[in-house]
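S.K.: Just the structure for this:
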Amino acid sequence: MPVLTSIQTKRKRVPVDEEGYLTAFDDWDEEVAKELALREGVGYLSEDKLESLRFIRNYFRKFNFFPILRAVCKNIGKPKDCVQEDFLNPLIAWKLAGLPHPEEPVISLLAAGQSPG
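M.R.: The predicted model follows:
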């Protein structure tokens with residue numbers, strides 16, 4: 001798989017790191033999320049999935065931390081495992097939400113289906 005240095009949407013080119021994470025938090029918009037979803041094999045982002053991503057972003061912007069996974073679901077009125085059901089892996093949700101590349105301890109927790117913190 002080639003190393004990504006940017007993604008292209010209909011309106012703009014956005015830089016990403018070698019693993020496909022956005023390099024600038026504010027480069028994110030829903031078109032960027034949709035392109036990232038295609039690259040990650042998630043496919044179509046429904047309004048429910050976009051709502052989860054918006055909540056994750058807003059939480060991260062406010063607290064500079066990924067929310068507890070069940071809190072995402074509770075706050076948007078979805079079943080308690082909605083992040084795993086919608087994205088299979090919380091790391092994919094992290095990436096699609098345009099959050100910065102996580103540190104190794106966070107990667108390990110999210111890969112195990114646990115929330116950091």
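
S.K.: what about the strands in the protein?
M.R.: Ranges of strands in the chain, per DSSP state E, are 6-8, 13-15.

S.K.: among these, which gets the worst mean confidence?
M.R.: Least confidently modelled of the strands of the chain is strand 6-8, at a mean of 90 by mean pLDDT.

S.K.: number of nearby residues for the nearest residue to Glu40 once chain neighbours are set aside?
M.R.: With sequence-adjacent residues excluded and distances taken as CB to CB, 6 or more residues apart in numbering, Glu40 is closest to Ile92, at 5.3 Å. Every C-beta, even on glycine, is put in place using the N, C-alpha and C of the backbone. Ile92 sits with 19 neighbouring residues when counted by other CB atoms under 10 Å.

S.K.: Repeat that for Phe25.
M.R.: 13.

S.K.: what's near enough to touch it?
M.R.: 61, 98-100 (CB atoms under 8 Å, 6 or more residues apart in numbering).

S.K.: which residues of the chain score low on pLDDT?
M.R.: In the predicted model, the chain carries pLDDT under 70 at residues 1-4, 113-117.

S.K.: which residues of it fall in helices?
M.R.: 30-40, 47-63, 69-75, 82-87, 90-96, 104-111 (DSSP state H).

S.K.: Reformat these into TSV and put distance to Asp17 next to each item.
M.R.: Converted to TSV, the helices of the chain look like this (distance: least, CB to CB, whole Å):
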stretch	distance to Asp17
helix 30-40	12
helix 47-63	17
helix 69-75	23
helix 82-87	19
helix 90-96	10
helix 104-111	13
